[in-house]
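K.L.:
Following is a predicted model, sequence given first.
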Amino acid sequence: MTLYESYASDLSEAIAAGLFRPGDRLPSIREACRQRGISPATVFKAYYLLEAEGLIRAAPRSGYYVNARPTDRRLLEPKPSRPKTAGISIDTRDLVYDIHASLKQRSGVPLGSPFIDPTFFPLDRLRQSLVAAMRRLDPWSSVVDLPPGNRALKRQILKRYLAHGMKLAESEIVLTNGAMPALDLCLAAVAKPGDSVVIESPTFYVALQALQRRSLKAIEVATDCGEGIDLGRLAEVLEKRRPAACWLMTNFQNPLGSLMPDQKKRELVALLAQHEVPLIEDDVYGELYQGDVAPPSAKSFDRHGLVMHCASFSKTLAPGYRVGWTAAGGFATQVERLKLSTLLTGAIPTQAAIATYLQDGGYDSHLRRLRRTLADQQAVVVDAVHRYFPEGTRVSLPQGGYFIWLELPEPVDAVELFWAASAQGISIAPGPMFSARGEFSHCIRLNTGQVWSRKVEDAIVKIASLVAWQMPRSSPSPH
């Protein structure tokens, strides 16, 4: 056996024994040379061999890391939902607010959080951009930019659309304080109290809150973890129910993580155009794809101005800056007027700061690093779920974003699990908060966008133990 084969064999055994766990960094080339008394070339050849075997991966300018271990258990995705399609009035419960309150504990493990770990963001660069933007901010911009928003930022957003093959007019872009106001303004532009709106099942609870706030009814349509909403069921709803609008997430849907295929997006847009039903497209995770090619938005297939595309920088760059927008298509004028009569404007300083950051370059490099990091984080969390959770657990395997959806064995109560985990300093997002009818009582959403650590792994072990404790068999104490 050669020196590099011997070193590779030792590392392989250490990984198998759990001395190096998924996500752990292997010794640097210099460290390995010093520890083993071997040359850099020998270390490189050993690492190349382990990489070829799929045991480790190289992270540019960072080092080599252990991959998630393969599991003998079959990876089953959660079953598609089967909601009733009758319109229902929304009554969001206190559960959403309880969960958000639990996220404020710094000592806790925020697996129920809607945000990724803040250390993944280029906060120093943003701070510099904010200072630079304030130094050269035209005093008149604080007045001139009030209704339309920062024009420099609009131009940067239009360039990003153009890079994805969409040539939009500046007048179509409405800047807002994050994506939620953009979505809410689009909803107000096309639906009035008493109307029905199509949503996915399950759906992001913010959509439920927005519908409740505007006295709208929800029509839940079956959605699966792979390809998103069921177009056959949607066609039936459009024919029979005549909804005022659809509110959908076509890219990495929250909470399922589903990605609608390109052709299905094309068919979705054509179907809605046939019935003249507008689409509010929530695309806040579209930039967080795995792989090399960005998925298109449904907006890219719109030829009738019926798609209102909403996004933000909150999930990719700066949650606290609260900068989002909508490309509102044929509804841009209504949305702009609604903004003037309600929100008036966004925060001009933070809009200017992000415009400066985008102009100076580096955003795409940051996104590439962030995508790799989130893909790695998802792999190790999914690996931990399959190692620790009981048989019968189903897990979604998204191609982007930072959420996974777990369907637990049916005796398990997700809300009871939430309270039990909270008592141990761990937050999760229980399934009923993603449904107008409080369904998905044995499902949970986990955030995979947290820095992997022993603390996070221990939290997953505790959740798995609490799941086992609820199941109808003799189980060890979760403590």
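P.N.:
Cool, got the structure.

K.L.:
Okay, and the beta partners of N251?
P.N.:
Judged by DSSP bridges, the bridge partners of N251 are L259.

K.L.:
burial count for it?
P.N.:
29 (other Cβ atoms under 10 Å). Quick note: C-beta positions are derived from backbone N, CA and C, even for glycine.

K.L.:
same check, this time on the one 4 residues further on
P.N.:
P255: 29 surrounding residues under other Cβ under 10 Å.

K.L.:
Not counting residues beside it along the chain, what's closest to it?
P.N.:
Once flanking residues are discounted, P255 sits nearest to R445: 3.9 Å by Cβ to Cβ, 6 or more residues apart in numbering.

K.L.:
okay but the one you found is in contact with F434, surely?
P.N.:
Yes. At 7.2 Å, R445 and F434 qualify as touching, with contact defined as Cβ atoms under 8 Å.

K.L.:
okay, and the common contacts of the two?
P.N.:
P255 (Cβ atoms under 8 Å, 6 or more residues apart in numbering).

K.L.:
still on that earlier bit, what's the residue nearest to P255 in contact with, if anything?
P.N.:
R445 is in contact with 112, 254-255, 403-406, 428-429, 431, 434, counting by Cβ under 8 Å, 6+ apart.

K.L.:
where does it land in three-state SS?
P.N.:
With DSSP: H, G, I helix; E, B strand; the rest coil as the basis, R445 sits in strand.

K.L.:
Just grab the bridge partners of it for me.
P.N.:
W405, A429.

K.L.:
Next one: it relative to V197, how far apart?
P.N.:
Using Cβ to Cβ, to the nearest Å, R445 is found at 22 Å from V197.

K.L.:
what does I116 give?
P.N.:
Counting by Cβ to Cβ, the gap from I116 to V197 is 28 Å.

K.L.:
where exactly do the strands run in the stretch 51-200 of the chain?
P.N.:
Along the stretch 51-200 of the chain, the segments classed as strands by DSSP state E, counting those that start in this stretch run 56-59, 63-66, 88-89, 109-110, 173-176, 196-201.

K.L.:
rank these by pLDDT, which is bottom?
P.N.:
The minimum mean pLDDT among the strands of the stretch 51-200 of the chain belongs to strand 88-89 (a mean of 65).

K.L.:
Output the longest strand belonging to this protein.
P.N.:
strand 217-224 (DSSP state E).

K.L.:
Just checking: what are the partner strands of the helix or strand just after that strand?
P.N.:
Per DSSP states H and E, the first helix or strand lying C-terminal to strand 217-224 is strand 228-229. Under the criterion DSSP bridges, strand 228-229 sits next to strand 217-224 (antiparallel) in its sheet.

K.L.:
related to what we said a few turns ago, and which of the contacts of R445 is nearest L370?
P.N.:
The closest of the contacts of R445 to L370 turns out to be F403 (Cβ to Cβ; 15.0 Å).
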